[in-house]
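*Asks:* What follows is a predicted structure for the sequence shown.
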Amino acid sequence: MTVETLPHLFLRAVEHHAKRAAFRYRSDGGWVDVSSREVFDRVHNAALGLRGLNLASGDRVALLSENRLEWAVTDLAILTAGYITVPLYATLPAGQIEHVLRDCEARAVVVSDRVQMAKVLECRSRLPHLLHVVAFDPECGGDGVVTLDSVIERGRLTTPRPTYEEMISTLARSDWASIIYTSGTTGVPKGVILSHGNFVSNVEACLEVFSLSPGDTCLSFLPLSHTFERTGGFYCMLSAGVTIAYAGSVDTLSDDMRDVAPTVMCAVPRLYEKMYARIMDTVDGSSRMRRSLFHWAVAAGRRYVDQRLSGSVGVMTRGGRALADALVFKRVRSRTGGRLRFFISGGAPLSREIAEFFHAAGLPILEGYGLTETSPVITVNTLDHLKFGTVGRPLSGVEILIAGDGEILARGDNVMQGYYKKPEETAAVLVDGWLHTGDIGHIDDDGYLVITDRKKDIIVTAGGKKVAPQAVEGALKRSPYITEAVLVGDRRKFLAALIVPAFDKLEEFAKTSNVPYGSLEELVASPKVVDLIRAQIDEVCAALAPFEKPKRFVLVPRDLSIEAGELTPSLKVKRRVLEDEYAASIDALYSD
């Protein structure tokens, strides 16, 4: 079968990889298996039922839900029916949801539960284009809301009943599949138009470099509204016949990993940072002998990885790695279920220290790079071709070019069709077929891409020094006492930083150091805490040039949040929002 569209990809997967447990989800403390045939029937009937809502070909159908099997079924049903999926993050507030629904002129919106339904009903009267609200959960029916079950039942009773093949026979590779609204770290979100061909080309290129098979299991927990999880954790896994298990929530992720024992996972660096911090906390609280054993094992593991990547592993190194594995790393891997072959990382820069540790422990993290505008993967490290400190080599069919100012340009079948209803913004980033990514980087002698920063984020001090903040922020976050760091100092005499402490570690420090406090505000104002963070900054930035080091800092007295507008739904920091929020505190750093 020639695969031109995502429904064609789905049909081929069902025909080639019929499985009893194609999908899994947590229910009442256990796991429910769903076969590929059952999912196929649900998608077919749901697509017929959606057509019964009298929508026109090319209409936009929004999808507002957390990760769950129904998300996958609904997405495929929307595409099969000839409509366009507009995914929305479940964490978005009603105001932002209203903006997207109005901008894309959604004719229908599918929600997961009462919480998401309430957001839509709050703004429904102000959305004249919105005709239908569909809900996953049965208790949401009524008051102008229909349930997904009723839509599926309507499809089941449809007569005459076209086959699935007949339904998708008119779909073309160039047809729009999705409008995905970017997170908007620097402004109002824009709708990225991706065609079926954009997605399919990226899936096929990814499957050329990742060794995935029906024997694999993927644990899905990142938002499917994010292109990274949708392409990598859904379409790629579906096409390769991988079993997809949906995590209950972020809170149950550790238990889910042990229960499901995945062999592959897509995740953002924040997960690896938290896993690494928990492991190091355990090590720090152990006996001196156990700490020594752990650090010896890490060193042995790193020697093994270094030699393997260079092409030749010595006998002593291989033996040391085997002993380290038996004594230390086997226990570390058990936290992931004991079967994990590799992680895939994207969405933000991954610390080299963390990447090297996980590789040493036998849990390789394959870091890649891409954008929503590129469906999303541009480059990726693989098990066979990997280089620490880089984001890998370009996928087949994807070209990259470094412009004169260092900006990374990309071209290929995976590059978007444009921004929805924004021709000027489209023309600004798509020039002669090349997408201007807005990222700064270079290609090394071995063909690996190195990202240094965002073009708009480069800081130029009053002395004319140019600083790429991501590198410094990454160094700062290596401290166990720092969760997030935002560098400031554009056109100022020196650099400063907004620091979000790791409050659990800070509170432990306060207890052992007799630091009295009644609130987090009092805790971060303590001279002992300020001295601690200053010492951490000095330590982790020791190798940086003097002009790259933050000379002063502001301690933020709480964690950043999506609700406060400080993080995007994909957990990227909104730098400008924080700078505005703490403008007075930042100005005070430079007052003398």
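*Replies:* Arrived safely, thanks for sending.
*Asks:* pLDDT weak spots in this protein?
*Replies:* Scanning the chain for pLDDT under 70 picks out 1, 183-187.
*Asks:* Can you show me the helices along the stretch 451-592 of the chain?
*Replies:* Per DSSP state H, counting those that start in this stretch, the stretch 451-592 of the chain carries helices over the ranges 469-476, 503-512, 520-525, 527-540, 575-581, 583-589.
*Asks:* what sits up against the helix or strand hosting residue 61?
*Replies:* Assigned by DSSP states H and E, residue 61 falls within strand 60-64. The contact list for strand 60-64 (Cβ atoms under 8 Å, 6 or more residues apart in numbering) reads 50, 55, 71, 74-75, 78, 83-88, 90, 92, 97, 100-101, 104-112, 116, 119-120, 179, 225. The way it works is simple: take the backbone N, C-alpha and C, and place the C-beta from them, glycine included.
*Asks:* ok, now stretch 324-335?
*Replies:* 254, 257-258, 275, 279, 293-294, 296-298, 300-301, 338, 340, 360-363.
*Asks:* Can you list the buried residues in it?
*Replies:* 324-325, 328-329, 332-333 (16 or more other Cβ atoms under 10 Å).
*Asks:* And stretch 507-515, by the same measure?
*Replies:* 509-510, 515.
*Asks:* do the same with stretch 128-144
*Replies:* Applying 16+ other Cβ under 10 Å to stretch 128-144 flags 130, 132-137, 140 as buried.
*Asks:* same check, this time on stretch 318-325
*Replies:* Neighbour-count burial for stretch 318-325, counted by 16+ other Cβ under 10 Å, picks out 320-321, 324-325.
*Asks:* Which residues does the longest strand seen in the chain contact?
*Replies:* Identified as the longest strand of the chain according to DSSP state E is strand 434-443. With Cβ under 8 Å, 6+ apart as the test, strand 434-443 has contacts from 369, 371, 373-374, 378, 400-403, 405-411, 415-416, 428-430, 449-456, 458, 468.
*Asks:* got it, and stretch 52-59?
*Replies:* Against stretch 52-59 from outside (Cβ under 8 Å, 6+ apart): 61, 81-84, 107-108, 131-132, 151, 154-155, 158, 175-176.
*Asks:* Mind checking which of the residues you listed are buried?
*Replies:* The neighbour count (16+ other Cβ under 10 Å) marks 61, 81-84, 107-108, 132, 151, 154-155, 158, 175-176 as buried among these.
*Asks:* What residue spans form the domains of the protein?
*Replies:* 6-171+210-263, 269-338+341-454, 458-589 (automatic domain parsing).
*Asks:* from the chain's centre, how far out does the shortest one sit?
*Replies:* Pointing back at domain 458-589 there. Its chain's C-alpha centre and that of domain 458-589 lie 23 Å apart, by Cα atoms, centre = their mean, to the nearest Å.
*Asks:* Which residues does the host helix or strand of residue 85 contact?
*Replies:* Element membership for residue 85 (DSSP H and E) is strand 84-88. Applying Cβ under 8 Å, 6+ apart, the external contacts of strand 84-88 come out as 58-64, 75, 78-79, 97, 100, 104, 106, 176-181, 191, 224-225, 230.
*Asks:* returning to what we had before: the contacts of strand 60-64 in helices, which ones?
*Replies:* Counting by DSSP state H, the part of these found in helices is 50, 71, 74-75, 78, 97, 100-101, 116, 119-120.
*Asks:* Check whether residue 337 really touches residue 264, as I assumed.
*Replies:* No. Using Cβ atoms under 8 Å, residue 337 makes no contact with residue 264, being 11.4 Å away.
*Asks:* neighbour-wise, which of those two wins?
*Replies:* residue 264 (24 against 18; other Cβ atoms under 10 Å).
*Asks:* From residue 165, how far off is the more buried one?
*Replies:* Residue 264 sits 30 Å away from residue 165, taking Cβ to Cβ, to the nearest Å as the criterion.
*Asks:* swap in residue 233?
*Replies:* Distance from residue 233 to residue 165, by Cβ to Cβ: 27 Å.
*Asks:* So for these two, which sits in the more crowded spot?
*Replies:* The neighbour count for residue 233 versus residue 165, taken as other Cβ under 10 Å, is higher for residue 233 (27 against 11).
*Asks:* In three-state terms, label the more buried one for me.
*Replies:* For residue 233, the assignment made with DSSP: H, G, I helix; E, B strand; the rest coil gives helix.
*Asks:* dump the residue contacts of it.
*Replies:* Residue 233 neighbours (Cβ under 8 Å, 6+ apart): 218, 220, 222, 224, 244, 265-266.
*Asks:* Please repeat the previous calculation with a cut-off of 6 Å.
*Replies:* Neighbouring residues of residue 233 by Cβ atoms under 6 Å, 6 or more residues apart in numbering: 218, 220, 266.
*Asks:* for residue 203, same thing?
*Replies:* For residue 203, the contacting residues are 235-236, 239, by Cβ under 6 Å, 6+ apart.
*Asks:* before we move on, the earlier item: quick one: the strand holding residue 85 to strand 60-64, angle?
*Replies:* Angle, strand 84-88 to strand 60-64, by axes from the mean of the first three to the mean of the last three Cα atoms, to 10 degrees: 30 degrees.
*Asks:* Nothing else from me, thank you.
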